[in-house]
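Peer 1: need a structure here:
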Amino acid sequence: MNFQKLDLIQPLLDALIAEGYTIPTPIQAEAIPVVLDKKDLLGCAQTGTGKTAAFALPILQLLNTSVNTRAHKRPVKCLILTPTRELAIQIGESFQAYGRNLSLKHLVIFGGVPQGAQVNALKAGIDILVATPGRLLDLIGQGYISLQDISIFVLDEADRMLDMGFIHDVKKVVARLPHQRQTLFFSATMPPEIQKLANTILVNPVKVEVTPVSSTVEAIEQSLYYVDKKDKKKLLTHILSDKKIASALVFTRTKHGADKVAKDLSKDGMHAEAIHGNKSQNARQRALNNFKDGTTRILIATDIAARGIDIDLLSHVINYELPDVPETYVHRIGRTGRAGASGIAIAFCDEDEMDNLKSIQKLIGLKIPVVESHPFPASAWGKVQINLPNNRDVVQRPNSIPAFRSGNSNGNRRRPGSSRPSNRW
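Peer 2: This is a model prediction of the structure:
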């Protein structure tokens, strides 16, 4: 199937051609006709499956036929609510790229920066608003935003809204929306509270489910290193000393841990930056931009800070510390292997993390292949674990970093506004 068969208008098809897109991802193929039919949608899809284009393209088409672009004062007709500044910016970039041939106006708002420019843009009139909950409610309270004309509402990354404590803010926003509207609800997981929220805001929704959270992206190669906790820093330095690793996103469990790993790598002569919730918005965006443009090769992140990160051709994800929640492992390694591109995921495991490892392997339904030969092998406990039965064969890579190949690459994409291939739409 190609995009022409999804009944998209020519200006959108021309924009897709300019971006190098020809074949829709599964969620795009399923969701776009539903949204164009003006039905509510419940989308269960992890990041990296192309869901931004799945709602952005049909929204642009629907508004292009319903909005009077010549009106002096244009009320907001579409609201996309998303949990983080980084994800809001990326969604805004997508609307900019796909809507380049249309006269619709969009705006991205978030906290942590002066509100003046955002307020001025709102006063000038916009059609599509991409917002984080805090700044949205703040500007509503000041009288700068009205939601009474919203015809399409998108709640993106609903489960992360819950994780970050935004669920009550979301409910406040929903209470201000018109009852007659189209709602698109996206979440990578469906815990009971999120399912309950979906049931209260959706009307006879069509459910689209792509790449369940319990499955890892097929194009990602996975490998596991048993290592004593005291040797993790040395092992990380050893692996990252390979210059063939173009970019690496390293996950820690805590903000302090992220700062410490970044500092240790810098001492070893490797420029690395940390990104987490204690950093200012400007510092987080600066670190992210440095990573995107290649100024920084290594980014150390906590889970909340990394959700929604979109990096061109991110080659490696390294779990310096295994997460306590097994689904988080899937989200982490999903930062690479985006939209069919290949990627490599490496996990470190010390003795205290064995229960976490077992939970992860149970969730994804496979034993992550163990790299037995490396300079910092685990002590006695690791020798027992390395001989765990049923581990699949290790694939030897040219750069001597073994990894499990769980699928094939379907090629690379280009991210909106970029001339380079990308792993996310």
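Peer 1: Regarding the nearest residue to residue 252 once chain neighbours are set aside, what is its secondary structure?
Peer 2: Leaving aside its sequence neighbours, residue 252 sits nearest to residue 258 (Cβ to Cβ, 6 or more residues apart in numbering; 4.6 Å). For every residue, glycine as well, the C-beta is placed using N, CA and C. At residue 258 the chain is in helix, as set by DSSP: H, G, I helix; E, B strand; the rest coil.
Peer 1: Torsion angles phi and psi at the residue in the chain sticking out farthest from the centre?
Peer 2: In the chain, the residue that sits farthest from the middle, by Cα atoms, centre = their mean, is residue 380; the gap is 38.2 Å. Dihedral angles of residue 380 (phi, psi; degrees, to the nearest 10) stand at phi -50, psi -40.
Peer 1: And the nearest residue to residue 345 once chain neighbours are set aside, what's its pLDDT?
Peer 2: Nearest non-adjacent residue to residue 345, counting by Cβ to Cβ, 6+ apart: residue 333, 3.8 Å away. According to the prediction, residue 333 has pLDDT 87.
Peer 1: Would you mind measuring from residue 333 to residue 251?
Peer 2: 9 Å (Cβ to Cβ, to the nearest Å).
Peer 1: Mind listing the shared neighbours of these two?
Peer 2: Common neighbours of residue 333 and residue 251, using Cβ atoms under 8 Å, 6 or more residues apart in numbering, are 317, 319.
Peer 1: Distance check, the residue nearest to residue 345 against residue 255.
Peer 2: Counting by Cβ to Cβ, the gap from residue 333 to residue 255 is 21 Å.
Peer 1: Name the residue in those two with the higher neighbour count.
Peer 2: The residue with more neighbours, out of residue 333 and residue 255, is residue 333; 27 against 18, by other Cβ atoms under 10 Å.
Peer 1: Phi and psi next, for that one.
Peer 2: The phi/psi pair for residue 333 (degrees, to the nearest 10) is phi -70, psi -20.
Peer 1: contacting residues for residue 346?
Peer 2: 222-225, 239, 316-319, 401, 403.
Peer 1: please redo it, this time with the cut-off set to 6 Å
Peer 2: 223, 318 (Cβ atoms under 6 Å, 6 or more residues apart in numbering).
Peer 1: Does it belong to a helix, a strand or coil?
Peer 2: Residue 346 - assigned by three-state DSSP - is strand.
Peer 1: quick one on the thing from earlier: so what's the residue count around the residue nearest to residue 252?
Peer 2: 29.
Peer 1: With the one 4 residues further on instead?
Peer 2: When counting by other Cβ under 10 Å, one arrives at 24 neighbours for residue 262.
Peer 1: In terms of helices and strands, where is it?
Peer 2: helix 255-267 (DSSP states H and E).
Peer 1: same for that helix, what does it pack against?
Peer 2: strand 272-275, strand 298-301 (3 or more Cβ pairs under 6 Å, 6 or more residues apart in numbering; DSSP states H and E).
Peer 1: one step back: how far away is the residue nearest to residue 345 from residue 138?
Peer 2: From residue 333 to residue 138 the distance is 35 Å (Cβ to Cβ).
Peer 1: cool, residue 276 as well?
Peer 2: Counting by Cβ to Cβ, the gap from residue 276 to residue 138 is 23 Å.
Peer 1: of those two, who's got more company?
Peer 2: Under the neighbour definition other Cβ under 10 Å, residue 276 and residue 138 were set side by side, and residue 276 has more, 22 against 14.
Peer 1: And the pLDDT at that one?
Peer 2: In this model, residue 276 carries a pLDDT of 79.
Peer 1: how close does it get to residue 322?
Peer 2: From residue 276 to residue 322 the distance is 18 Å (Cβ to Cβ).
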